[in-house]
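1. generate coordinates for the sequence data below:
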Amino acid sequence: MKKTALAKSDAKKLMGKMNVPGAGAFGKEAVVVDRREQRKRDQALGLVPFAVKLNSDLVLQLQTLAKERDTDLNELVAELITKGLAAA
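-> Residues are numbered from 1 along each chain as shown. Here you go, the predicted model:
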């Protein structure tokens with residue numbers, strides 16, 4: 001392994017250690033789950049990652065609404081999209 005690749009690997013390890021799990025979104029306690037385990041859980045629920053780019057004001061509204069309803073942002077967005085598609 002080259003010296004630069006070794007340094008890069010060490011830096012990644014260090015950065016991983018710095019990302020200590022703490023309080024989750026909206027002050028809820030975060031449950032630490034391995035990425036592989038999370039993918040398996042999502043697949044079992046039939047969830048598919050779906051990335052979109054939204055205006056920052058809209059994202060702020062969604063986060064505020066999720067906080068008011070004390071729900072997960074993913075659940076809120078799924079609910080709003082479902083209602084919107086039913087109305088269309």
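2. doesn't Lys13 lie inside a helix?
-> Yes - under DSSP: H, G, I helix; E, B strand; the rest coil, Lys13 sits within a helix.
3. any low-confidence regions in this protein?
-> Along the chain, segments meeting pLDDT under 70 span 17-31.
4. need the strands for it, in chain order.
-> Secondary structure of the chain (DSSP state E): no strands present.
5. how many other residues sit next to Lys67?
-> Look at Lys67: counted by other CB atoms under 10 Å, it has 14 neighbours. Using the backbone N, CA and C atoms, a C-beta is placed for each residue, glycine as well.
6. check the one 4 residues further on too.
-> The burial count assigned to Thr71 is 13, neighbours taken as other CB under 10 Å.
7. and what of Asn55?
-> For Asn55, the neighbour count with other CB under 10 Å is 8.
8. got phi/psi on it?
-> Per-residue torsions, Asn55: phi -60, psi 140 (degrees, to the nearest 10).
9. cool, Gly46 as well?
-> According to degrees, to the nearest 10, Gly46 has phi 80, psi 20.
10. ok, Leu47 next?
-> phi -90, psi 140.
11. Met1 versus Ser9, what's the distance?
-> To Met1, Ser9 is 8 Å away according to CB to CB, to the nearest Å.
12. okay, the two: which has more neighbours?
-> Counted by other CB under 10 Å, Ser9 and Met1 do not tie: Ser9 has more neighbours, with 11 against 8.
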